[in-house]
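Undergrad: Based on what follows, work out the 3D shape:
(one chain, ligands or ions: 1)
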Amino acid sequence: MAADGSTGTYTVTSSTERVTVTAGPVTTTTTTKVTMTAEGLGAGRHRAALALDIGGTKLAAGVVDATGSVLGRARRPMPKTLDPEVTFAAAVDCLHAALGDAGLGGRYDYAGLAGLGVGCGGPMQWPSGEVSPLNIPSWRDFPLRARLRDAFGEIGVLVHNDAVALAVGEHWTGTGRDARNLLAVTVSTGVGGGLILDGRLYHGRSGNAGHVGHLVVDPAGPDCVCGGVGCLEAIASGPRTVAWALDEGWRPEPAASGSAAPSASGSTGGDPSAGSDSAQAGAVGSGADRDGEPVADGYALAASAAAGDKIARAALTRAGDAVGVGLASCAATFDLDLATVAGGFSQSGPIFWDALRAAFDRHAGMEFARAVRVEPSSAPADVALRGAAAFILAPDRYAWVG
Ligand SMILES: [Zn+2]
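TA: Have a look, this model is predicted:
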């Protein structure tokens, strides 16, 4: 459609359908908005999708084009509620705000979108999209996919695990864009992962492939929330690492919390206030509560470690070691090109990473396994959001039937 206000037609392709949208006559007062609609969401390389990243503490939404550029974005805190409708209303509001940020608010016709991709904490019924996120108590068997489809004019909606969205984001436009075989791991409130094999997202039978948090890395290790014993998550998650440190006698220091968070000790960059909750330091904690009292969380632990606290250093070393052991097994199992690690500890600097790499080198014996690159997540601020969009925008590699 032309910016001069003439009537035009453009075509949008989604994973399952081709929709032709005919724009009406453009009036003077709506020219800018409708022009953005045509140019932002038109055919070919300009088509765009809505993306939603749902974590335990925040919602992030974006309008993402086929190159991975985020045209508009919004964030909302996750409501502290047990009312599923309040939580859902916050998600819809966040999506509308992202559309508005992209200049597509108000009278926007959702049919012009390629679709809506969602990354959400698990567990969930996949591919039908009924979600029961551990960290969102208001949603139990909540029909997220169906409700979003209703709310956004019957556009295509795909819902997958947030760690899977992270893996897809890494592969689509991130560190793994040149990798055919990729494992993306996030170490945060929990430990999750997603798997790209032969250039495509690998789902497994139930959509749970790549769920590396429950790799057994120490058969004599602690019990896990999953019911197993010695899982990676039971040892290396943010809360379990902090709990281990507290058991050993560590206490957060007021001067070491808050601003002295992981970014001060060798951050790989990225905006801690954005991106996947499970992939971000925000899920590990902020280091201080509103009154400035020190909080025993991942931030405070990383700050203590950077300041030389022996127990804190041992805790991060223990977590990094466990992740390295798990990655070595994955390298041998999947014959990977690349493994990426996201989450608060992945940005905490050399203590975690030195332990991770040492453990990986110790346990990856086969030459092909040793050759796997292990790197921090590329652009944690946006990678999960882009991945959710890629479910829709790159269906040949990342979409699924269901
Ligand atoms: Zn487990």
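Undergrad: Could you point out which residue ranges in the chain have low pLDDT?
TA: For the chain, applying pLDDT under 70 flags the ranges 1-46, 105-109, 111, 255-292, 380-381.
Undergrad: So which bits of it are right by the ion?
TA: When proximity is defined as C-beta under 5 Å from the ion, the chain approaches the ion at 214, 224, 226, 228, 231. To be clear about C-beta, it is placed using only N, CA and C from the backbone, and glycine gets the same treatment.
Undergrad: Just list the residues touching the second one, thanks.
TA: Residue 224 makes contact with 214, 230, 231, 233, 234 under the criterion C-beta atoms under 8 Å, 6 or more residues apart in numbering.
Undergrad: again with the last one
TA: The contact partners of residue 231, by C-beta under 8 Å, 6+ apart, come to 213, 214, 215, 216, 217, 221, 224.
Undergrad: Please, where are all the strands along the stretch 301-402 of the chain?
TA: In the stretch 301-402 of the chain, the strands defined using DSSP state E, counting those that start in this stretch lie at 338-342, 373-376.
Undergrad: Tell me which of those strands sits most buried.
TA: Between the strands of the stretch 301-402 of the chain, strand 338-342 has the highest mean count of neighbours, a mean of 28, where neighbours are mean count of other C-beta atoms under 10 Å.
Undergrad: what about it, distance to the chain center?
TA: Centre-to-centre, strand 338-342 and its host chain are 13 Å apart (C-alpha atoms, centre = their mean, to the nearest Å).
Undergrad: In its sheet, which strands sit next to it, and in what direction?
TA: If you go by DSSP bridges, strand 338-342 pairs up with strand 182-187 (parallel), strand 373-376 (parallel).
Undergrad: Just the CA atoms of that strand, as CSV, please.
TA: The C-alpha trace of strand 338-342 is given here as CSV (Å, rounded to 0.1, in the frame of the first residue of the first chain):
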residue,chain,number,x,y,z
LEU,A,338,27.5,-25.1,19.9
ALA,A,339,26.1,-24.9,23.4
THR,A,340,25.1,-21.5,24.8
VAL,A,341,24.4,-20.7,28.4
ALA,A,342,22.1,-17.9,29.6
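Undergrad: so can I have a markdown table of the contacts of residue 224 showing secondary structure?
TA: A markdown table is the format used below for these (DSSP: H, G, I helix; E, B strand; the rest coil):
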| residue | secondary structure |
| --- | --- |
| 214 | helix |
| 230 | coil |
| 231 | strand |
| 233 | helix |
| 234 | helix |
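Undergrad: which of the residues you listed tops the neighbour count?
TA: Neighbour counts for the contacts of residue 224 (other C-beta atoms under 10 Å) peak at residue 231, which has 27 neighbours.
Undergrad: List the contacts of the residue nearest to residue 328 when sequence neighbours are not counted.
TA: Nearest non-adjacent residue to residue 328, counting by C-beta to C-beta, 6 or more residues apart in numbering: residue 363, 3.6 Å away. Residues in contact with residue 363 (C-beta under 8 Å, 6+ apart) are 324, 325, 328, 329.
Undergrad: Report the two of those residues separated the most.
TA: Spatially, the most separated pair among the contacts of residue 363 is 324 and 329, at 10.1 Å (C-beta to C-beta).
Undergrad: Have a look at these two and say which one is more surrounded.
TA: residue 324 (26 against 17).
Undergrad: Quick check, the more buried one in contact with residue 358.
TA: Yes: Residue 324 sits in contact with residue 358 when judged by C-beta atoms under 8 Å, with a separation of 6.7 Å.
Undergrad: In the stretch 251-400 of the chain, which residue sits nearest the ion?
TA: residue 326 (11.6 Å; C-beta to the ion).
Undergrad: and that residue, how many residues sit next to it?
TA: Each residue near residue 326 was counted by other C-beta under 10 Å, and the total is 31.
Undergrad: Which helix runs longest in the chain?
TA: helix 310-334 (DSSP state H).
Undergrad: tilt between that one and strand 338-342?
TA: With axes from the mean of the first three to the mean of the last three C-alpha atoms, to 10 degrees applied, the angle from helix 310-334 to strand 338-342 works out at 150 degrees.
Undergrad: and stretch 125-137, how far from the chain's centre?
TA: Centroid displacement of stretch 125-137 relative to its chain, using C-alpha atoms, centre = their mean, is 15 Å.
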